[in-house]
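Visitor: The amino acid sequence is not available; the structure is as follows:
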């Protein structure tokens, strides 16, 4: 095994993990240990209607509740929630739900602590220079890894893009309560989309130019967990063992990010997510195979290792042959769990030039293992993606 000789690197893991079946019973103690007495609970109407948020509310006593989060949350929504946090004199945050409530909570923490609008904290603009108020994340889906990532993704409807906030441990949750029992009964489509998102995090972070040993280890474990448990979780929403495996896969996929970027699949899905309001996980899943196929010649050994993690028999194959076998397994898994096609997600081939242009402008393009030299490269990948799953 070769060893990369790189400059000094830093890994920040500022989030306490309380995980496993029954972990929800520890939530009140976790919040109390952070000395939070008046939390703002951030969730969405679906989680509230399902009774999941109610279990958290009961555990916390009488939190202030903001349940207006919607998929692909935008600037105004974050600023509205931040205003409520200040108005109610809250002293901490609890996020319950999928990636959207957790991203909103992190973004609210930034605005509540530093003022202004979340728009000014887009990565590369105003810096985040202080720790957000105490935040506890309680994921109800297994995919985004937002419970432990150092990023929040926010939509700018005027520019029709999503942008990143963070890249610093100052925005991370103080604790994550990962309770797989909250994921029981999750619909198959959501299970599939979020699970494939976790897989995309692991694959892109393992292969990106910024990879480092800690991230490699958790990324590979996430890949193996998804390969072992995703199809079973999709097939049976009541399977607690499968839910636990996928909950761990999602968290490990989030940890694989570190302070770094992902790659072309997330550059494409994040930018396109501002064009059509669709499932981020499903869109990323549809792009993952074509991006991996494009990247494999630039990093065949790493993609071959991923193929093994996906359970592919690569005996006797060259690294590049093994890498392409892994891509075929990605495509099989994407179809097997019922991910919609790009057309079913609302996209059309005549949008390819525009989609390629905005993907090239996304900062996650930097770090992709194969250099993206211009929008033409993204056009090639988009065309390949439209041919998948037809």
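Guide: It's in. Just so it is clear, the structure is predicted and the values come from calculations on it, not from any experiment.

Visitor: so where do the helices sit in this protein?
Guide: For the chain, the helices defined by DSSP state H cover 27-33, 45-49, 52-60, 75-87, 99-114, 188-207, 213-235, 240-257, 264-272, 280-295, 300-309, 319-336, 352-361, 375-386.

Visitor: Now the residue nearest the centre of the chain: phi and psi?
Guide: The centroid of the chain falls nearest to residue 144 when counting by CA atoms, centre = their mean (2.8 Å). Backbone torsions for residue 144, taken as degrees, to the nearest 10, come to phi -70, psi -30.

Visitor: measure it to residue 98 for me?
Guide: As judged by CB to CB, to the nearest Å, residue 144 and residue 98 stand 6 Å apart. C-beta here means a position set from N, CA and C on the backbone, and glycine is covered the same way.

Visitor: which residues do these two both contact?
Guide: residue 194 (CB atoms under 8 Å, 6 or more residues apart in numbering).

Visitor: still on that earlier bit, now for the helices of the chain, which one comes closest to residue 136?
Guide: helix 27-33 (5.7 Å; CB to CB).

Visitor: hmm, who's touching the closest one?
Guide: So helix 27-33 is contacted by 16, 18, 39, 56, 59-61, 92, 94, 134, 136, 138, 175, 177 (CB under 8 Å, 6+ apart).

Visitor: just to revisit the earlier point, around the residue nearest to the residue nearest to the centre of the chain when sequence neighbours are not counted, count how many other residues there are.
Guide: Distance criterion CB to CB, 6 or more residues apart in numbering; nearest residue to residue 144, sequence neighbours excluded, is residue 99 at 3.1 Å. Neighbours of residue 99 under the rule other CB atoms under 10 Å: 27.

Visitor: follow-up on the earlier one: pull out the buried members of the contacts of helix 27-33.
Guide: 18, 39, 56, 59-60, 92, 94, 134, 136, 138, 175, 177 (16 or more other CB atoms under 10 Å).

Visitor: of all these, which comes closest to residue 191?
Guide: residue 138 (17.7 Å).

Visitor: just to revisit the earlier point, can you redo the contacts of helix 27-33 as a markdown table with distance to residue 204?
Guide: Compiled in a markdown table, the contacts of helix 27-33 are given as follows (distance: CB to CB, whole Å):
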| residue | distance to residue 204 |
| --- | --- |
| 16 | 26 |
| 18 | 27 |
| 39 | 33 |
| 56 | 31 |
| 59 | 35 |
| 60 | 35 |
| 61 | 40 |
| 92 | 32 |
| 94 | 29 |
| 134 | 30 |
| 136 | 27 |
| 138 | 25 |
| 175 | 26 |
| 177 | 26 |
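
Visitor: I'd like the residues you listed laid out as JSON lines, including pLDDT and distance to residue 263.
Guide: Converted to JSON lines, the contacts of helix 27-33 look like this (pLDDT from 0 to 100; distance: CB to CB, whole Å):
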{"residue": "16", "pLDDT": "97", "distance to residue 263": "29"}
{"residue": "18", "pLDDT": "97", "distance to residue 263": "30"}
{"residue": "39", "pLDDT": "98", "distance to residue 263": "35"}
{"residue": "56", "pLDDT": "93", "distance to residue 263": "34"}
{"residue": "59", "pLDDT": "91", "distance to residue 263": "38"}
{"residue": "60", "pLDDT": "93", "distance to residue 263": "38"}
{"residue": "61", "pLDDT": "90", "distance to residue 263": "43"}
{"residue": "92", "pLDDT": "98", "distance to residue 263": "34"}
{"residue": "94", "pLDDT": "98", "distance to residue 263": "32"}
{"residue": "134", "pLDDT": "98", "distance to residue 263": "32"}
{"residue": "136", "pLDDT": "98", "distance to residue 263": "30"}
{"residue": "138", "pLDDT": "98", "distance to residue 263": "29"}
{"residue": "175", "pLDDT": "98", "distance to residue 263": "29"}
{"residue": "177", "pLDDT": "98", "distance to residue 263": "30"}
